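**Student:** Could you work out the structure for the sequence below:
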Amino acid sequence: AVDTAPHEADDADDKERREPNSYAEETILTAVKTVLRADDVGVHDDFFALGGNSVLAVQLRQRLERAKFPKPKLGDIFKLRTVAALARLLAPKVDRGVATTNIVAVTPETGPARFESFPLTSIQQAYWVGRLGSFKLGNVASHWYRELSTAEFDCDAFEVALNRLIQRQGMLRARVTADGKQEILESVPKYHVRRHDLRGASASKQALHVASMREKLSHQVIDIESYPTFDIQVSVMPNETLLHMSFDLTFIDAGSVPIFLGELSALSAHPDKPVEDVLPPLGLSFRDYVMATEKVRESTAFARDKQYWTKRLDDGFPVGSTLPTACDASQIAEPRFAQVRGEISADQWESLGSLAGALKLTPTCLMVSVFAEVLQRWSSDPHLAINMTVFNRLPVHEDV
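**Tutor:** Numbers count the residues shown, from 1 in each chain. Alright, predicted model coming up:
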């Protein structure tokens with residue numbers, strides 16, 4: 001816990017101050033403006049009131065660490081909330097001339113080593129093991145399927161753009177090796193987009209075809225030990241063209257999807273220009289990133305965090321909740337996931353956001369807490385853990 005009481009009696013003149021008056025405040029304010037993508041931020045403004053959330057708090061912590069601050073705790077950011085308060089905590093610990101960060105630098109590989117195998121990340125390992133069927137409710141892929149509809153579509157130009165992007169982005173050429181690592185293939189055959197011409201088909205046949213494509217592609221378990229680890233097809237109909245995109249998420253995540261779509265769109269719009277004239281060069285590969293972050297495991301921060309969680313295991317960390325089910329989940333050989341949706345009004349959501357702010361919580365924390373309460377009501381063991389994926393891209397390089 002951080003005791004902020006001595007600072008609550010700051011004089012009125014200081015409370016009115018918006019601009020930084022120290023190196024620490026200036027550095028922290030710059031980081032806050034960057035993650036919030038906002039310019040009108042003062043040193044006493046509440047980070048979360050300006051739109052900050054747990055994901056942005058993680059990004060702020062990483063930027064402060066990269067700016068040579070010792071790694072601040074997320075709890076400090078949630079509790080102190082302002083640039084001025086964070087500076088008071090961190091200023092005594094920062095030295096402009098000495099790098100105290102635990103974030104490692106990365107030197108991008110340019111030689112043949114670019115195509116050597118490298119470790120899976122922890123979440124890639126989880127996806128890989130989960131698809132093997134060795135665990136309850138396994139034998140299923142972490143998978144993304146999307147359809148895009150357009151009135152005008154040049155299949156040939158799209159295929160050219162896609163292959164140019166495959167050559168640019170190494171993880172579109174990645175595969176898992178037999179020994180549980182991953183590698184980026186140096187060269188791959190040209191990818192051919194399968195085309196379905198339904199311009200002469202009846203409306204009912206068109207509808208049956210689209211339903212069949214959705215059924216097949218939306219629940220694929222793509223072989224990730226071979227290229228390609230995605231399936232892209234096109235259905236051409238009289239009034240529209242449907243682009244079907246199916247990806248295994250071992251090599252592309254939610255943060256990668258808009259990058260993929262944006263770069264594909266840019267290359268499609270400029271088929272005659274060299275790739276380097278359309279898109280900025282890539283300063284590092286995912287292999288470079290993983291090899292750099294592996295070194296973080298040698299840091300004192302990693303050892304401290306590991307010790308904390310090891311102790312939590314000793315204290316009886318919950319293995320999961322036991323919920324009433326219609327049948328024994330271990331007997332389900334081929335699980336099938338379906339999305340269940342519910343909506344609340346904009347006014348209700350705004351009220352929840354105000355409540356979360358008053359409690360000094362992010363809306364995400366509030367919703368996860370509600371979810372935990374529901375699980376506890378139905379679980380046979382109220383001591384449970386909720387597993388969540390997070391964005392944790394360490395700033396080891398400016399291109400990350």
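**Student:** All the helices of the stretch 251-400 of the chain, residue numbers only.
**Tutor:** Taking DSSP state H, counting those that start in this stretch as the test, the helices found in the stretch 251-400 of the chain are 257-269, 275-278, 286-294, 300-314, 346-358, 363-378.
**Student:** Please identify the buried residues of the fifth one?
**Tutor:** Neighbour-count burial for helix 346-358, counted by 16 or more other C-beta atoms under 10 Å, picks out residue 356. Where C-beta positions appear, they are placed from N, C-alpha and C, glycine not excepted.
**Student:** Select, out of the helices of the stretch 251-400 of the chain, the one closest to residue 84.
**Tutor:** Residue 84 lies closest to helix 346-358 among those, at 19.3 Å (C-beta to C-beta).
**Student:** Tell me the secondary structure of residue 43, please.
**Tutor:** The three-state assignment at residue 43 reads coil, by DSSP: H, G, I helix; E, B strand; the rest coil.
**Student:** my read: it touches residue 81, true?
**Tutor:** No - using C-beta atoms under 8 Å, residue 43 makes no contact with residue 81, being 11.6 Å away.
**Student:** Okay, now the unreliable bits of the stretch 201-350 of the chain?
**Tutor:** Along the stretch 201-350 of the chain, the parts satisfying pLDDT under 70 run over 320-321.
**Student:** quick one, phi psi at the closest residue to residue 51 other than its chain neighbours?
**Tutor:** Spatial nearest neighbour of residue 51, chain neighbours left out: residue 36 (5.9 Å); criterion: C-beta to C-beta, 6 or more residues apart in numbering. The phi and psi values for residue 36, taken as degrees, to the nearest 10, are phi -80, psi -10.
**Student:** can you pull the pLDDT of residue 36?
**Tutor:** At residue 36, the model reports a pLDDT of 93.
**Student:** And the one 4 residues further on, by the same measure?
**Tutor:** In the predicted model, residue 40 carries a pLDDT score of 91.
**Student:** Quick check: the gap between it and residue 19.
**Tutor:** Separation of residue 40 from residue 19 (C-beta to C-beta, to the nearest Å) stands at 12 Å.
**Student:** Who are the contact partners of the residue lying closest to residue 368 once chain neighbours are set aside?
**Tutor:** Excluding the flanking residues, the one nearest residue 368 by C-beta to C-beta, 6+ apart is residue 386, at 6.4 Å. Shown in contact with residue 386 (C-beta atoms under 8 Å, 6 or more residues apart in numbering): 368, 371, 372, 375.
**Student:** Can you get me a residue count around residue 122?
**Tutor:** Residue 122 is flanked by 8 other residues according to other C-beta atoms under 10 Å.
**Student:** nope, residue 370 is what I was after
**Tutor:** The tally of other residues near residue 370 (other C-beta under 10 Å) stands at 11.
**Student:** and if you look at residue 394?
**Tutor:** 17.
**Student:** Could you do residue 314 as well?
**Tutor:** 8.
**Student:** Can you give me the pLDDT of residue 12?
**Tutor:** Confidence score, pLDDT, at residue 12: 49.
**Student:** Mind listing what's buried along stretch 106-118?
**Tutor:** Buried-residue list, stretch 106-118, by 16+ other C-beta under 10 Å: 106, 109, 114, 115, 118.
**Student:** Show me the strands in the stretch 101-250 of the chain, by range?
**Tutor:** 118-119, 143-150, 174-176, 181-184, 194-197, 230-236, 241-248 (DSSP state E, counting those that start in this stretch).
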